[in-house]
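> This is a predicted model, with the sequence first.
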Amino acid sequence: MNNEDKKLEEANLKTIVKYLNDKIKEMEQDIFQDEEKIQEFRRYAWENKSGMDAQELNSVRTSSEQEAILLLKERDYFKKLLKIQNSPYFASIVIDDENKEKQKIYIGMTYLKDKNLDNLIYDWRAPISSIFYDYEKGVCSYEAPLGFINTYLYQKRQYKIENQKLLRIIDSSINIDDDILQEVLAEATNEKMKNIVTTIQQEQNQVIRNTKDKNLIVQGIAGSGKTSVALHRIAFLLYKIKNLTSDKILIFSPNQIFTEYISNVLPELGEENTLQTTFHDYLNKIITEYKQVESYIDFLNRYYVTKNINIEETTYKQSDKIILDLENFVHDLEKNLTFKKDIVENKVYEYSKEELNYLFHERYSSLPFFERIEAMALKFSENNYRGSAKKKATYRKLLLESLEFKKDYKNILIQFYESRFFPYSLSLTEKKQLANNKFINYDDALILIYLKGLMEGFYYEGNILQVVIDEAQDYSYLQYLILSKIFKKASFTILGDINQNINPFYNYSSLNQLNKNFPSKYIELNKTYRSSEEIIEFANQILNLTHICAIRHNQNKPVIKRDRIDYLLKDIATLREKYASLAIIVKNTLSAQKIYDYVKDSIPIELIQANTTNFNKTCVIIPAYLAKGLEFDSVIVYQDQEAYFKENENKLYYVAVTRAQHELYVYRVLD
């Protein structure tokens, strides 16, 4: 750009920095004074409460609460200003204003207004900011609260600002391999995932800003930024949807390692972290019949390591067919159970078995099994005790005794496995395990949760309004069915990659299959920003893929193949010297322990296990199924004759190699 343009940009930055610094100082003083004011207000209310009537006291409390809410909002904005103090904005656009005159819009992590309430900086989530992400120069539009606004884009500009100094200015187009993006891709990986707000691409922006569709299903290839997009979408929804707060959003992560890895992104974007869990944690929360529920990782370990698993039976337990079989079993159970005798409570209130059977099979037939019992018990108690529910438990006990049926889900689960609806035979060992209260396998736990839901109604989470499911391809349809019934009010954002499915018992031909349970907008992300072209070409060959597009510039670093373990220590040393992070990825936990024992005395290295949460990415050994969602500057995929990726495990192999950003070594030591 010409020198005059550069001086104008430097002058603008200087003006904004001065206003920003003044605003921070002003708010710091205001917040301190407001806190003192609220404390004084509360002190006054406490000291004078005896002289106030109920209405006056309630009015004082309401005023105090409203003041506190406003103060919290002011504090949140103050924190956001502190975050942008050293780098106030990262982009600008020049468009037509209402009078068809050129208007320059600066875009940053949060907004900043001048004393006339005109925007000096627009929040990246503001409607007008979408132009920067979605358009090249020319005719464009954005969706404002009152409808679509048509305008003309004259200029897109990106900035690198550090410590309030303008280091670089780049006039850019929508070109996905622009200089800023390539610079970001070339950076070494961090311990935690970073925000991508300065480099959001057009296809990613369509996911982030979609509020028209209640549910979104995103199929994204390895390295397409699925998780980053999901987190930026959360930040956008918090900005866009009134009264949506972080505690009303729940993220399902694949494991605790991944949960920790993504924990920085929302705070970087100026938002509180949302509620986060794993499906296993949710199983533990709902299943009270057993002390321990097998985790998904341990379930996979049974398959990949111990082989202590019945393939055919487990495949059926994970299948869609079992859903109908469970429903038919419960329906058959309800149909054949009848009250055997009249019930009498307190020697006065009597109900005949005919009346009980009418209520159970006719009047309350639309309710789940145990909800019918609850409804009948409540009705009898309220009828006989002037609307009181105090005898509800007594009637429940009498009703179940008359039915000759116990609310024992362990026994009901065994009944299902021994019924005509289950096509396999339950061994004595399996029966004993299910009958105790210590441990239940992962696949049995899913069946138990659905069985409980059918018989007593599903656990309901009405406070959750947004659910995000990452690594969606590893969830069976039964799991989605359960989640849809638990989170009835919620909108779902479901993200995954069918090429990275590590569940050996359930496969999708397309994530669009989930449309039958979640009427959704289906979107594909087919560009990868993580790995070099050479790594992507190698990964494509594993699954015979051709459609994947690598955005990272050609680094001319071919994938290195090894067939002897003798090279390992030297290769580790070489990659550690060149890069900030290195992962040795193996097939399973046994192989991880073996390689760890081989190298630990020579090189500082960390072994990642299922219960690991915090770890340093400098040099780690990790099983492939724990590495999902993570990325490293360099990767060594190690296989030997005891643990190598077989042909039917090629998706797990694909997961392993696509963790690499810059350089990949593949060991296959089979002699």
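Here it is on my side, so go on. All values derive from a computational prediction rather than experimental measurement.
> Which residues are in contact with Ile482?
Going by Cβ atoms under 8 Å, 6 or more residues apart in numbering, Ile482 touches 446, 449-450, 453, 458. In short, each C-beta sits where N, CA and C put it, glycine included.
> out of the residues you listed, who's nearest Lys646?
Leu446 (25.8 Å; Cβ to Cβ).
> For Ile536, state which of the contacts of Ile482 is nearest.
Leu446 (34.6 Å).
> Nearest the middle, which residue of this protein would you pick?
Ile251 (3.2 Å; Cα atoms, centre = their mean).
> Verify the contact between that residue and Ile464 for me.
No: at 10.7 Å, Ile251 and Ile464 do not qualify as touching, with contact defined as Cβ atoms under 8 Å.
> Spell out which residues are contacts of both of the two.
What both Ile251 and Ile464 touch, as defined by Cβ under 8 Å, 6+ apart, is the set Leu275.
> wait, doesn't Thr274 sit right on Phe252?
No: taking Cβ under 8 Å as the definition, Thr274 is not a contact partner of Phe252, at 10.9 Å.
> Find the residues that touch each one of these two.
In contact with both Thr274 and Phe252: Val468, using Cβ under 8 Å, 6+ apart.
> Who's the closest spatial neighbour of Pro504, skipping the chain neighbours?
Tyr303 (5.5 Å; Cβ to Cβ, 6 or more residues apart in numbering).
> let me redo that: Pro267
Asn273 (6.5 Å).
> Next: Glu350.
Of all residues not flanking Glu350 in the chain, Val344 sits nearest, at 4.7 Å (Cβ to Cβ, 6+ apart).
> Work out for me the element the one you found sits within.
Using DSSP states H and E, Val344 falls within strand 343-345.
> how distant is that strand from the center of its chain?
Its chain's C-alpha centre and that of strand 343-345 lie 51 Å apart, by Cα atoms, centre = their mean, to the nearest Å.
> Residues contacting that strand, please?
Contacts of strand 343-345 (Cβ under 8 Å, 6+ apart): 350-351, 356, 380, 384, 391, 394-395, 398-399, 401-402.
> Could you give me the PyMOL selection string for whichever of these are buried?
Applying 16 or more other Cβ atoms under 10 Å to those leaves a buried subset, and the PyMOL line that selects it is:
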select buried, resi 351+356+380+391+395+398+399+402
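> quick one: average confidence on stretch 650-670?
The average pLDDT within stretch 650-670 is 95.
> For Leu398, give its distance to Ile343.
Distance of Leu398 to Ile343, computed by Cβ to Cβ, to the nearest Å: 4 Å.
> same deal with Cys549?
70 Å.
> Which one's more surrounded, these two?
Ile343 (21 against 13; other Cβ atoms under 10 Å).
> Quick check: bridge partners of the more buried one?
Under DSSP bridges, the beta-bridge partners of Ile343 are Tyr351.
> show me where the stretch 351-500 of the chain has helices.
353-358, 369-384, 392-403, 409-417, 428-435, 442-456, 477-486 (DSSP state H, counting those that start in this stretch).
> Next: the stretch 101-250 of the chain.
Under DSSP H, counting those that start in this stretch, the stretch 101-250 of the chain gives helices at 130-134, 179-186, 202-208, 226-240.
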